[in-house]
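Colleague: give me a model of this one.
(one chain, ligands or ions: 1)
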Amino acid sequence: MKVLEQISASVINGDAAGTVQLTRQALDAGLSADEILNEGLIAGLSEVGRRMESKTFFIPEVLVAARAMKAAEDVLKPVLVSNCVKPTGRVVLATVEGDVHDIGKNLVKLMLECAGFEVTDLGVNVPAASIIRAVSETRPNIIGLSALLTTTVVRMKEVIEDLKRNDLRSQVKIIVGGAAVTRDYAEQIGADAYSPDCTDAAKRAKELVQTN
Ligand code: B12
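Modeller: Alright, predicted model coming up:
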């Protein structure tokens with residue numbers, strides 16, 4: 001088995017120590033942090049999702065897998081941030097109300113910081129009112145919203161409508177993402193950008209501040 005497959009397998013098995021060790025081994029072997037993240041760790045969690053859907057995995061298995069992924073992320077973080085640049089703008093980031101998934105959001109935060117953004121991370125399960133308050137207080141260039149559930153993705157629309165009601169919509173750009181979001185949905189709710197992954201999210205965010 002190749003090391004990336006081994007990393008995926010150890011995420012699926014929820015083996016945090018093994019995942020950390022294999023991640024180090026992969027870095028030592030010269031694999032890029034991006035490859036390890038996408039083709040090893042995220043690939044493993046995607047399989048966990050499939051097993052969850054087919055009801056062969058339940059919450060306890062998913063939690064240990066998520067923990068293994070997070071442990072390995074700490075090994076990758078210093079490598080991922082080694083080429084970071086100076087501040088280019090401010091972002092308010094949140095997982096919308098009703099949703100506690102934050103692994104993807106945290107990776108987006110990391111990549112945005114790496115691209116030079118100052119990120120105010122409001123965390124998970126964040127009501128629209130808290131996002132509006134943070135926008136009034138910190139005056140960010142961009143709001144980033146994450147949703148992984150089909151039941152919570154609708155909260156993004158509410159945030160946009162609340163921004164309009166508070167006369168704040170024209171002052172910020174909105175980027176949305178997360179497994180439950182599609183490009184079509186982003187367009188439909190009037191977001192400024194959609195991104196399917198964290199590397200692309202940082203690129204889109206840079207474009208958004210340039211067109212500001
Ligand atoms: C880990 C996990 C959990 C963990 C979360 C731990 C944590 N701290 O995040 C726990 C166990 C808590 C959990 C709970 C639940 N989960 Co869950 N979970 C997952 C799983 C397996 C992986 C998610 C993940 O972290 N992926 C890896 C990251 C890196 O990917 P990502 O989040 O998509 O992020 C990337 C992009 O989407 C993008 N991105 C993400 N956010 C943003 C934001 C912006 C601004 C941008 C631009 C881009 C962006 O960049 C990221 C990096 O590249 C998914 C399966 C899947 N395929 O997504 C199910 C999944 C999302 N969960 C699901 C479900 C049903 C649930 C529960 C309802 C289960 C239950 N019965 O209780 C609860 C809901 C809890 C709640 N209220 O939120 C379903 C959702 C189905 C649906 N269509 O609505 C999924 C799809 C599993 C499935 N196939 O059934 N879950």
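Colleague: hmm, the longest strand along the chain touching the ligand?
Modeller: As assigned by DSSP state E, the longest strand anywhere in the chain is strand 89-95. No: Strand 89-95 stays clear of the ligand (Cβ under 6 Å from any ligand atom), getting no nearer than 6.6 Å. For every residue, glycine as well, the C-beta is placed using N, CA and C.
Colleague: so after that strand, what's the next helix or strand?
Modeller: helix 103-114 (DSSP states H and E).
Colleague: tell me the strands beside the helix or strand just after that following helix, with direction?
Modeller: For helix 103-114, the succeeding helix or strand toward the C-terminus, using DSSP H and E, is strand 117-121. Strand 117-121 pairs in its sheet with strand 89-95 (parallel), by DSSP bridges.
Colleague: where does the protein have low pLDDT?
Modeller: Low-confidence segments of the chain (pLDDT under 70): 83-87, 212.
Colleague: quick check: domain ranges of it?
Modeller: Listed domain ranges for the chain are 3-82, 84-210 (source: automatic domain parsing).
Colleague: can you put those domains in CSV and add mean neighbour count?
Modeller: Formatted as CSV, these follow (neighbours: other Cβ atoms under 10 Å):
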stretch, mean neighbour count
domain 3-82, 17
domain 84-210, 19
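Colleague: end to end on stretch 190-199, go ahead and measure it.
Modeller: The straight-line separation of the ends of stretch 190-199 (Cα to Cα, to the nearest Å) is 22 Å.
Colleague: what does that stretch contact?
Modeller: 34, 38, 104, 107-108, 110-111, 145, 156, 160, 173-177, 181-183, 185-187, 201, 203-205, 207-208 (Cβ atoms under 8 Å, 6 or more residues apart in numbering).
Colleague: next: stretch 65-77.
Modeller: Residues contacting stretch 65-77 (Cβ under 8 Å, 6+ apart): 7, 10-20, 22-24, 27, 33, 36-37, 41-42, 44-45, 48, 57, 103, 106-107, 110.
Colleague: just these: which are in strands?
Modeller: Residues of those located in strands (DSSP E): none.
Colleague: so which of those are also by the ligand?
Modeller: Within these, those near the ligand by Cβ under 6 Å from any ligand atom are 42, 45, 48, 103, 107.
Colleague: of the residues you listed, closest to the ligand?
Modeller: Taking Cβ to the nearest ligand atom as the measure, the ligand lies nearest residue 103 of these, at 3.4 Å.
Colleague: show me what contacts the closest one?
Modeller: 45, 66, 69-70.
Colleague: try it again with 10 Å
Modeller: Shown in contact with residue 103 (Cβ atoms under 10 Å, 6 or more residues apart in numbering): 41-42, 45, 66, 69-70, 73, 146, 148.
Colleague: now do residue 19
Modeller: Residue 19 neighbours (Cβ under 10 Å, 6+ apart): 6-13, 40-41, 44, 65, 67-73, 75.
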